[in-house]
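S.K.: need a 3D model of the sequence below.
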Amino acid sequence: MKYGYALTTHQINNQEYIVCLHLDDNRNLMGIHISNQSQKQILNHIYVGRVENIIPSIKACFVRFAQDQVCFLPLSECESPYYSKKNSKKSGLCCGDEILIQITREALKEKEPAASCNFTLQGKYMVLTTKDKSFSASSRLSVDDKNRMKALLKEQVDARENFGIVIRTIAQNASDEDLLSDFFNLQAQFRQIEETYTHKALYDEIWAEAPTYINYLKNQFRPNEEEIVTDIPQIADEINRSLPVAKESLRFYDDKVVSLSTLYHIRGNIDSLLAKKIWLKSGGNIIIEQLETLTFIDVNTAKSDKNKSNAFAINHEAMQSALRQIALRNISGMILIDFINMKPEEESALIEALKAETKKHENPCRFVDITKLGLVELTRKKVQKSIKEICQIS
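M.R.: Model prediction:
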C-alpha cells in the first residue's frame, strides 16, 4: 500500500471497533481513528425535539430529543430556530415548542449532550452552515485560491439560500468539478431538510451524519495522492456512498492468507497508543499518565548514554514524541510535562522549539507557562474523545 489509509474491524475488551489507520509510505502511523460499533452515534445528527425547560439565569434551555435523552441548548444557539411545531401562541422560544436541534457535543459523564439550532453539514472540501450566511475560506488558502473558489460557488447560489459556505484548506488542490460536486451534494442535503422537517414527528431523526470514520477521511484524505484499503464490504460501500471523491482510490483487500489487521499491525499500533511508557531513540523514555482532567508526562534519561546525550537533546526528542502522542491519542485538557533539568538558556530554546512544533498540528497544544517546580504547562482543546476513553481503558 502506498501512503494512505487502512480500515478494518478490531476487538478491544470484547467490543468491536472500526479502526482507520493513516500511514506513510513506510507504514509509520500518522493518525488513527477508532469508533465503537456498539454505541449509537448522535453527534452532528439533527432531531425534532421539544423544549422542556427554559432557564434564563444560565441563558439556556433543555430539549428532549428522544424518550430517554435530553440535551443542553444555549439560548445564544437558538436565536432563529426551525419550528417543527409551535405549541405556544407567544412569540419566541417557549416550553412545549418543537424545534430542530443538532447535537454538537456528546454526553460527558453526568453532563447532557449539547445542541444548537445552527446547523453544520460537512463536505469533503467545504462546510455548509446556517449560522453565517456568507462565503468564507480557510486562512491557509492563498488569496487567489479564495477568490477563485468563492466566485465559482457564488455563480451557483440563489440569493435566497438560507446558508453560508466555509471552504476548507484541503480544497487547495481540488478541481472545479470536485468543488462543485461537493457543493451540490451539501446543497441537496440541506434542501431536503428544509422541505421535509415540518412533516416530521417529535423525536424523528431529520438528518444523520455519515459514520465518524467517514468524517475522519473527509478531513484527511487527499485524492490522487493516497489510497484507501479495507477488507470490510460494508465499509467499502459506505465510502463509495458518502465519499464519492475516494472511489478511484479505494481498494478492497481480500487476501485469505494474511489479514489486513495483521498486515498493518492494527493490534500493535493500538497497544502502543494505550501504553504508558514510550521509548526514545536516545534510550530515554516518556511516561504518560492520563487522568480524567489532567495528563502528566514524565521525561526520563533511562538507558540513554549520558556521555553522548545531553539533557537538552533528550528533552528535545521527548518533546517531539510527547506532542506526537498527544495528537495520536487525542489527549486534551491540561497537560503537564516534567522535562529533565536544563540550563536556563536551554530551557528557553526548548520552549521555542515546542511552540514551533505544535503549530504543525491541526488541533495544537497551547503553551501556558512553566511552573515554579519546572513543569511545562500546556492546554489542548477537546474536539473528540481520547483513544483511552473510546476504548474504555481504566
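S.K.: which ones are touching Ala322?
M.R.: Neighbour list for Ala322: 286, 288, 297, 299, 337 [criterion: C-beta atoms under 8 Å, 6 or more residues apart in numbering]. Every residue, glycine included, has its C-beta placed from N, CA and C.
S.K.: and it, how far is that from Leu291?
M.R.: 16 Å (C-beta to C-beta, to the nearest Å).
S.K.: Pro56 now?
M.R.: Taking C-beta to C-beta, one finds Pro56 at 36 Å from Leu291.
S.K.: alpha carbons of stretch 77-90, as CSV, please.
M.R.: What follows is stretch 77-90, C-alpha atoms only, in CSV (Å, rounded to 0.1, in the frame of the first residue of the first chain):
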residue,chain,number,x,y,z
GLU,A,77,-27.6,29.0,19.8
CYS,A,78,-31.3,29.2,19.1
GLU,A,79,-31.9,32.8,18.0
SER,A,80,-33.7,31.7,14.8
PRO,A,81,-34.9,28.1,15.4
TYR,A,82,-36.7,26.0,12.8
TYR,A,83,-40.1,25.3,14.4
SER,A,84,-41.5,21.8,13.5
LYS,A,85,-44.5,22.7,15.7
LYS,A,86,-45.1,26.0,17.5
ASN,A,87,-47.2,24.9,20.5
SER,A,88,-47.2,28.3,22.2
LYS,A,89,-49.1,31.4,21.0
LYS,A,90,-46.3,33.5,22.4
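S.K.: for it, buried residues please.
M.R.: By 16 or more other C-beta atoms under 10 Å, the buried positions in stretch 77-90 come out as 77-78, 81-82, 84.
S.K.: of the residues you listed, closest to Asp182?
M.R.: Asp182 lies nearest to Tyr82 out of the buried residues of stretch 77-90, by C-beta to C-beta, at 23.8 Å.
S.K.: quick check: closest non-adjacent residue to that closest one.
M.R.: Nearest non-adjacent residue to Tyr82, counting by C-beta to C-beta, 6 or more residues apart in numbering: Leu100, 4.2 Å away.
S.K.: elements contacting the helix or strand harbouring the one you found?
M.R.: In this assignment (DSSP states H and E), Leu100 forms part of strand 98-105. Packed against strand 98-105 by the contact rule (3 or more C-beta pairs under 8 Å, 6 or more residues apart in numbering; DSSP states H and E) you find strand 46-55, strand 60-66, strand 69-74, strand 83-85, strand 114-116.
S.K.: name every strand pairing with that strand and say which way it goes.
M.R.: If you go by DSSP bridges, strand 98-105 pairs up with strand 46-55 (antiparallel), strand 83-85 (antiparallel), strand 114-116 (antiparallel).
S.K.: ends of stretch 244-260, what's the gap?
M.R.: 23 Å (C-alpha to C-alpha, to the nearest Å).
S.K.: list the contacts of it.
M.R.: 1, 4, 6, 8, 124, 178, 181-182, 217, 221, 223-224, 226-231, 233, 236, 239-240, 263, 266.
S.K.: restrict those to the buried ones and give me that as a PyMOL selection.
M.R.: The buried subset of the contacts of stretch 244-260, as determined by 16+ other C-beta under 10 Å, is captured in PyMOL by this line:
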select buried, resi 1+4+6+8+124+178+181+182+217+221+223+226+227+228+229+230+231+236+239+263+266
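S.K.: now intersect the contacts of stretch 244-260 with the strands, please.
M.R.: Among the contacts of stretch 244-260, DSSP state E puts 4, 6, 8, 227-230 in strands.
S.K.: what bridges to Leu29?
M.R.: On the basis of DSSP bridges, Leu29 is bridged to Leu23.
S.K.: wait, what's in contact with Ser80?
M.R.: Neighbour list for Ser80: Cys117 [criterion: C-beta under 8 Å, 6+ apart].
S.K.: ditto for Met30
M.R.: For Met30, the contacting residues are 22-24, by C-beta under 8 Å, 6+ apart.
S.K.: list buried residues within those.
M.R.: Listed as buried from those are 22-23; burial here means 16+ other C-beta under 10 Å.
S.K.: for the contacts of Met30, which one is nearest Lys150?
M.R.: Closest approach between those and Lys150, by C-beta to C-beta: His22, at 29.9 Å.
S.K.: Three-state assignment for the spatially closest residue to the closest one that is not a sequence neighbour, please.
M.R.: Nearest non-adjacent residue to His22, counting by C-beta to C-beta, 6+ apart: Gly31, 3.5 Å away. Put simply, Gly31 is strand when judged by DSSP: H, G, I helix; E, B strand; the rest coil.
S.K.: how about the contacts made by Gly31?
M.R.: Gly31 makes contact with 21-22, 216, 220, 327-328, according to C-beta under 8 Å, 6+ apart.
S.K.: looking at those, state which has the most neighbours.
M.R.: Note: the member of these with the most neighbours is Leu21, at 23 neighbours, neighbours being other C-beta atoms under 10 Å.
S.K.: measure the residue nearest to it when sequence neighbours are not counted to Glu16 for me?
M.R.: Spatial nearest neighbour of Leu21, chain neighbours left out: Ala6 (4.7 Å); criterion: C-beta to C-beta, 6+ apart. Using C-beta to C-beta, Ala6 is found at 17 Å from Glu16.
S.K.: likewise for Glu377?
M.R.: Using C-beta to C-beta, one gets 38 Å for the distance from Glu377 to Glu16.
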